[in-house]
Each structure stands twice: as C-alpha cells, then as structure tokens.
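**Q** fold the following.
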Amino acid sequence: MRYLITGVAGFLGSALANSLAANGHNVIGIDDLSTGDPNKLNSGVIFNRGDVNDRPKLWTLLQEVDCVYHLAARVIVPESILYPREYNQVNVGGTVTLMEAMRDVGVRRVVFISSGTVYGNQPVQPVSENSIPNPRSPYAVSKLAAEFYVKSIGSLWGIETVSLRVFNAYGPGQHHPPVHTPVIPAFLRQAWENGTIVIHGDGNQTRDYVYLDDVVSAMVAASTAPEVNQLTINVGSGTEISIRDLAKEVVEVTGGKPEIVYNPRNEGGLSRLCADLTLAREKLGYEPKVSLTEGLRLTFDQDIRINS
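**A** I've put the predicted structure just below:
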C-alpha cells in the first residue's frame with residue numbers, strides 16, 4: 001500500500017513510518033520540523049518538509065495514496081494554554097485542510113491520531129469510547145474538535161475515517177522540549193543523574209502509559225481493519241499507575257538515588273485516566289504486549305539522551 005503520514009518526523013510518526021517501510025509499503029511523509037527530526041527516518045521513507053495547511057503541496061503528495069495517517073499537531077498541554085489560537089490553527093485548521101485535499105484528490109481512508117486527554121475527568125474508569133468527553137485544555141479541545149471534523153467531513157465526502165485516542169505514549173526517541181518534558185523521560189533522566197524528581201500534587205493521580213511499539217501496532221491495524229469507519233477507538237495499556245508509584249518504578253529500573261519531592265501548589269491534573277480496550281481488541285485485534293517495567297527499561301537502555 002501507499003501511505004502519506006503527516007507529522008512523519010515526530011515521535012509516533014517516525015516509528016510508524018519506519019515500521020510500514022520495513023514491511024514493504026510505500027511511505028511518504030510531511031513534517032514542518034517544529035519538533036520532529038527527519039534523521040529518525042529510514043531510507044525507505046520519502047520525506048518532505050512542509051506545512052499541513054499547505055493544500056497545494058498536499059495535492060501533490062496525496063497522488064495515488066491509499067491511506068493517510070494524520071499525526072501532525074502541536075501536543076504540549078501547558079503550551080496550549082498560552083497559545084490556544086496556534087493550537088487551533090494547526091490541530092483543527094490543519095485537519096480540515098488535509099480532509100479538503102483528500103476530497104480533491106480522491107483518497108478514501110484516513111486514520112486520525114487523537115488523544116485520551118479529550119476525556120478529562122470521568123466518574124467511571126477504565127474509560128470507554130461511550131463516555132462523554134470533558135476536555136480541560138485547549139490542546140484537548142483541539143483534538144476533540146478535529147475528531148468531529150474528520151467524522152463529519154468523512155461522512156459527507158465518502159472518506160472512511162477512524163480516530164485513535166492514544167493515551168500516554170512513551171518510548172525511546174520521545175521529544176524532550178526544554179520545558180514541559182513528558183513525565184517518563186523526565187523521571188528517567190533525573191533518576192539516572194541522581195537529581196530531583198518533582199511530583200505535582202500528592203502523586204496519587206493515575207495515568208495509562210502505553211509503549212511506543214504497542215501504539216504502532218494499533219495504528220498499523222487501523223489502516224486496513226474492516227468495519228471501523230466512523231469509529232473512535234482507545235489505544236492504551238489498559239492499566240493505570242499512580243505518579244507516586246511510577247517514580248518508584250523509575251528508581252528501580254535506573255538504580256539511581258534521586259530526591260523525590262512533591263509540589264502541592266501545582267495540581268497534578270486529572271485524578272484518574274485509564275483506557276478501556278474492549279473496542280480496540282474487537283475491531284483492531286489489539287493487545288498491548290509491553291509491560292510498564294519492560295517499557296521503562298527499554299526506554300532507559302535505548303535513549304542515549306537519558307542514559308548518557
């Protein structure tokens with residue numbers, strides 16, 4: 001098959017592209033390199049630098065494409081609070097531009113990568129796709145809005161769509177911005193350096209951390225799975241762990257002796273979040289294979305930015 005991947009140089013996009021190319025597919029990618037690194041891509045991936053809001057460029061790249069993976073997005077929650085207009089322009093506007101270009105060229109399937117953050121706080125855990133979303137940040141709002149655009153435009157224009165709500169993905173190669181570094185790489189690095197692990201709130205808040213390879217397996221399955229049109233599907237590990245216990249796991253994996261401090265002035269975000277994987281198992285044949293302990297060890301061993 002021939003695929004176009006937006007956000008191809010990012011954490012998830014590059015792993016997906018390399019996997020598809022290694023299995024003999026033709027893979028084209030576009031990325032504006034605001035956070036991505038094209039050096040992550042194998043030689044079999046055709047890379048193009050560009051903006052997902054550039055419709056004429058998309059027209060060219062979409063020729064003879066069988067399926068699009070749409071991952072291009074701004075993804076830092078605290079940053080979205082400061083710059084909501086930019087997040088709307090990229091995450092929502094870019095999605096609409098892509099759907100228009102697909103309509104124009106005649107591409108008939110898209111896999112949209114959304115986020116578990118759209119759920120917000122939910123009274124029942126694990127959270128299923130039937131739960132009413134309660135987004136609590138401009139980032140989460142932008143992802144939910146993009147989901148609705150994908151579904152509505154797909155229905156109107158005859159494009160098959162499936163949205164994957166990916167929970168807290170992690171693994172080697174995850175982007176490390178200078179501020180707001182994701183929890184797992186930040187904890188691993190501080191533990192290895194015998195630094196300070198800062199836990200916001202009381203640390204009892206829980207999250208569902210899913211390893212990179214498991215996310216890729218779900219994304220690959222979604223492009224060819226039957227009877228998934230218009231569906232939204234959770235992708236996670238199906239297990240939750242408190243941030244307090246995550247810090248203990250990280251210390252065990254690294255063998256470090258960091259200081260663990262709590263910041264009660266800064267709330268820890270959602271109280272609980274864990275994915276119900278019933279639909280993913282039914283429709284994608286998805287089953288996460290990498291445990292948190294194994295995933296932490298793989299991340300620590302393979303990411304030289306953490307262990308060097």
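
**Q** use CA for all of it now, contacts and neighbours both
**A** Will do.

**Q** for the protein, what spans make up the helices?
**A** Taking DSSP state H, the helices of the chain run over residues 11-22, 55-61, 77-82, 84-87, 94-105, 138-157, 183-192, 212-222, 243-254, 278-284, 292-302, 304-307.

**Q** of those, which is nearest Leu71?
**A** helix 11-22 (6.5 Å; C-alpha to C-alpha).

**Q** run the angle between the closest one and helix 212-222 for me.
**A** Comparing the axes of helix 11-22 and helix 212-222 via axes from the mean of the first three to the mean of the last three C-alpha atoms, to 10 degrees yields an angle of 60 degrees.

**Q** output helix 11-22 in PDB with nothing but the alpha carbons.
**A** Taking C-alpha atoms only, helix 11-22 is exported to PDB below (Å, rounded to 0.1, in the frame of the first residue of the first chain):
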ATOM      1  CA  PHE A  11       7.800  10.500  18.000                       C
ATOM      2  CA  LEU A  12       4.900   8.400  16.800                       C
ATOM      3  CA  GLY A  13       5.100   9.300  13.100                       C
ATOM      4  CA  SER A  14       8.700   8.300  12.600                       C
ATOM      5  CA  ALA A  15       8.200   4.900  14.400                       C
ATOM      6  CA  LEU A  16       5.100   4.200  12.300                       C
ATOM      7  CA  ALA A  17       6.800   5.300   9.000                       C
ATOM      8  CA  ASN A  18       9.800   3.000   9.700                       C
ATOM      9  CA  SER A  19       7.600   0.100  10.500                       C
ATOM     10  CA  LEU A  20       5.500   0.400   7.400                       C
ATOM     11  CA  ALA A  21       8.500   0.900   5.100                       C
ATOM     12  CA  ALA A  22      10.200  -2.100   6.700                       C
END
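
**Q** where does pLDDT dip in the stretch 201-308 of the chain?
**A** Counting by pLDDT under 70, the stretch 201-308 of the chain contains no low-confidence range.

**Q** how far away is the closest residue to Asn194 other than its chain neighbours from Val90?
**A** By the measure of C-alpha to C-alpha, 6 or more residues apart in numbering, the closest residue to Asn194 outside its immediate chain neighbours is Pro258, 4.1 Å from it. Going from Pro258 to Val90 by C-alpha to C-alpha, to the nearest Å gives 38 Å.

**Q** now swap in Val27 and tell me
**A** 23 Å.

**Q** which of those two has more neighbours?
**A** Val27 (24 against 19; other C-alpha atoms under 10 Å).

**Q** the more buried one touches Leu4, doesn't it?
**A** Yes: the pair Val27 / Leu4 is scored as a contact, 6.1 Å apart, by C-alpha atoms under 8 Å.

**Q** ok, back up a step: can you report how many residues lie near the residue nearest to Asn194?
**A** 20.

**Q** do the one 3 residues further on as well
**A** A count of nearby residues for Val261, using other C-alpha under 10 Å, gives 13.

**Q** and it, what is it in contact with?
**A** Thr196, Ile197, Val198, Ile199 (C-alpha atoms under 8 Å, 6 or more residues apart in numbering).

**Q** show me what counts as buried in stretch 60-72.
**A** Applying a neighbour-count criterion of 16 or more other C-alpha atoms under 10 Å, one finds Leu61, Leu62, Val65, Asp66, Cys67, Val68, Tyr69, His70, Leu71, Ala72 buried in stretch 60-72.

**Q** distance of the last one from Val124?
**A** Computed as C-alpha to C-alpha, the Ala72 to Val124 distance reads 30 Å.

**Q** show me what the residue nearest the centre of the chain is bridged to.
**A** In the chain, the centroid-proximal residue (C-alpha atoms, centre = their mean) is Val166; its distance is 5.3 Å. Assessed by DSSP bridges, Val166 has beta-bridge partners Ser115, Val235.

**Q** isn't it right up against Ser114?
**A** Yes: in this structure, Val166 is within contact of Ser114 by C-alpha under 8 Å, at 6.1 Å.

**Q** picking up where we left off before, can you add pLDDT and distance to Gly173 and give the buried residues of stretch 60-72 back as CSV?
**A** Formatted as CSV, those follow (pLDDT from 0 to 100; distance: C-alpha to C-alpha, whole Å):
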residue, pLDDT, distance to Gly173
Leu61, 98, 26
Leu62, 98, 27
Val65, 98, 27
Asp66, 98, 28
Cys67, 98, 25
Val68, 98, 23
Tyr69, 98, 19
His70, 98, 19
Leu71, 98, 16
Ala72, 98, 17
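
**Q** for the residues you listed, which one is nearest Asp51?
**A** Comparing the buried residues of stretch 60-72 against Asp51 with C-alpha to C-alpha places Ala72 closest, at 9.0 Å.
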